[in-house]
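Engineer: only geometry, no sequence info:
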């Protein structure tokens, strides 16, 4: 089975820059990965030829929620995946809100990409296991055997060049898998993310994960090409 490669473009690209990246991506051979592109809302049209994911959603289908975009509306745009619980949003979204978003996505026939991971303080206090368990179980509360993707992204390793060792990644992924097994959850994939780039991808490749979630490197065509070719 192909490894999943999720590209979280965040808010890096203007519409014109997205068009330029799309031209370069069309020349890359992605046949060995299951590619999911998560552009900004404004750039969905640019990447419509790829599997589309959103970077966030709201948990109500309709209503007076200024500035929000519902899972229902995303589904109508043929968006089939959505990131929830990213560390860059966890200071805004509570665990309860993340759980509501997960359920809204599933109810609208979409697959949530649920981000979990400890902060630098959690790591220093050796609370990684406790934090991961709480974030995971709260996010999937009420989920039966619907398809979900879990992305382990320790926030202290995002966007700063820091990274876990291959062994640390494998230990954390195995722990998450154990937690899911304890809840009898079987329809899932496990990804790793956190400053994944062409400088470290070969050092962290492992069969323990089902794929990778990348951020900054997803808007650099040369890095994207290199990373996708490394993943087998």
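Structural biologist: Sure, I can see it. Predicted model, so just to flag it, every value in this text is computed and none were measured.

Engineer: Mind listing what's buried along the least confident helix or strand in the chain by mean pLDDT?
Structural biologist: The weakest-scoring helix or strand in the chain, judged by mean pLDDT, DSSP states H and E, is helix 120-124 (a mean of 87). For helix 120-124, the neighbour count (16 or more other Cβ atoms under 10 Å) marks 122-123 as buried. C-betas here are computed from N, CA, C, even on glycine.

Engineer: For the residue of the chain most remote from its centre, give its distance to residue 77.
Structural biologist: Taking Cα atoms, centre = their mean, the residue of the chain most remote from its mean C-alpha position is residue 64, at 27.8 Å. Remark: distance between residue 64 and residue 77 (Cβ to Cβ, to the nearest Å) = 21 Å.

Engineer: and if you look at residue 102?
Structural biologist: Applying Cβ to Cβ to residue 102 and residue 77 gives a distance of 19 Å.

Engineer: Give me the more crowded residue out of these two.
Structural biologist: Using other Cβ atoms under 10 Å as the criterion, residue 102 and residue 77 rank with residue 102 on top: 28 against 14.

Engineer: I'd assumed that one was in a helix, is it?
Structural biologist: Yes. Residue 102 forms part of a helix when assessed by DSSP: H, G, I helix; E, B strand; the rest coil.

Engineer: Look up the closest residue to it, ignoring the ones flanking it.
Structural biologist: Once flanking residues are discounted, residue 102 sits nearest to residue 112: 4.7 Å by Cβ to Cβ, 6 or more residues apart in numbering.

Engineer: where along the chain do the strands fall?
Structural biologist: Using DSSP state E, the strands of the chain run over 3-8, 33-38, 51-54, 81-84, 111-116, 148-152, 188-193, 211-214.

Engineer: tell me the angle the second one makes with strand 111-116.
Structural biologist: In this structure, strand 33-38 runs at an angle of 80 degrees to strand 111-116, with axes from the mean of the first three to the mean of the last three Cα atoms, to 10 degrees as the basis.

Engineer: elements contacting strand 33-38?
Structural biologist: Strand 33-38 sits against strand 3-8, strand 51-54, strand 81-84, with contacts defined as 3 or more Cβ pairs under 8 Å, 6 or more residues apart in numbering; DSSP states H and E.
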